[in-house]
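What would the 3D arrangement of this be:
(one chain, ligands or ions: 2)
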Amino acid sequence: DHLVRIENVDMRYGGEGGVLAVSGLNIAVEKGEFAAVVGPSGCGKSTLMRLVTGLHIPQTGSVVVAGQQVTKPVSIVGMAFQNPTMLPWRTTLDNILLPLEIVDKHRKRLRAHKAEYVAQAERLLEIVGLKGFGDKFPWQLSGGMQQRANLCRALIHEPELLMLDEPFGALDAFTREELWQVIRDLHAQQDVTIVLVTHDLREAVYLADRVFVMSARPGRVLHEHKIDFPRPRE
Ligand code: ADP
Ligand code: ADP
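Ligands and ions are numbered 1, 2, ... in the order given. Here you go, the predicted model:
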């Protein structure tokens with residue numbers, strides 16, 4: 001049962017004669033899986049993110065997420081990027097609740113059931129090792145802590161799919177490896193499918209159940225590996 005299915009997708013920027021960013025792209029991710037897409041800069045990783053979230057519609061081929069053909073931007077996907085952008089005048093907790101205020105459906109529920117969402121935010125904060133930091137402001141948190149909070153924010157609306165675009169790229173090596181454990185804990189404890197886009201092969205192999213290796217110009221999948229050896233757990 002696939003949550004994400006990309007079939008024979010071509011994505012060209014700038015119309016006829018423009019840049020063929022990806023061509024003949026095929027990627028299928030099973031529900032509950034942790035998938036990684038790894039490849040050099042320019043291979044189409046950001047393009048892939050935008051195809052899955054409906055920010056781009058491909059000229060050729062199909063993108064299906066949760067059984068639905070993607071034809072417009074979708075809100076069932078959570079996203080986290082390299083640089084967490086938290087609002088400095090809001091506490092960590094209120095930053096985590098932010099996505100709920102943007103989507104209509106959630107805004108109404110947030111008003112009626114604020115305590116439940118706060119409890120959910122606190123549960124997520126605990127999983128990522130930030131128990132008790134909900135009332136701190138972003139400037140009181142280190143970069144790694146902000147990225148942990150950022151992951152909570154991406155998960156607060158309980159998305160079926162979490163897309164991570166180089167989420168650990170800006171962190172030092174020690175902090176990055178701590179975050180690897182955090183993201184694995186989140187995957188183990190939340191009912192969520194994860195697609196991680198990275199240029200770090202070691203990170204991909206350490207984290208994912210399935211790794212897609214892409215080549216550039218035009219971007220396409222060269223290899224797909226199912227990873228089923230046990231990896232160290234703390
Ligand atoms: P990655 O994220 O792997 O670096 P991108 O998806 O950003 O790759 O880009 C894939 C290819 O498409 C690159 O050759 C890039 O220059 C090109 N590209 C990306 N976005 C645009 C755009 N908006 N207009 C034109 N070309 C683009
Ligand atoms: P990354 O490799 O981290 O994805 P890039 O530097 O490739 O970042 O791209 C940054 C932004 O510039 C992206 O939004 C991408 O769509 C856009 N972009 C990349 N290449 C081109 C291009 N040739 N023409 C126009 N926009 C581009």
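
and Glu7, how far is that from Gln59?
As judged by C-beta to C-beta, to the nearest Å, Glu7 and Gln59 stand 14 Å apart. All C-beta atoms are positioned from the backbone trio N, CA, C, and that covers glycine.

What does the pLDDT read for the closest residue to Val192 other than its chain neighbours?
With C-beta to C-beta, 6 or more residues apart in numbering as the criterion, Val192 has its nearest non-adjacent residue at 5.2 Å, and that residue is Leu162. For Leu162, the model assigns a pLDDT of 94.

who's more crowded, Glu7 and Gln59?
With neighbours defined as other C-beta atoms under 10 Å, Glu7 and Gln59 compare such that Glu7 has more, 15 against 11.

Assess the claim that the more buried one and Asn26 are in contact.
Yes - at 6.0 Å, Glu7 counts as touching Asn26 under the criterion of C-beta atoms under 8 Å.

The residue nearest to the spatial centre of the chain: what's it in contact with?
In the chain, the residue lying closest to the centroid (C-alpha atoms, centre = their mean) is Met163, at 1.9 Å. Applying C-beta atoms under 8 Å, 6 or more residues apart in numbering, one finds that Met163 lies in contact with 49, 52-53, 77-80, 194-195, 197.

Same question for Gly67.
Gly67 touches nothing, counting by C-beta under 8 Å, 6+ apart.

How about Met145?
Met145 neighbours (C-beta under 8 Å, 6+ apart): 130, 133.
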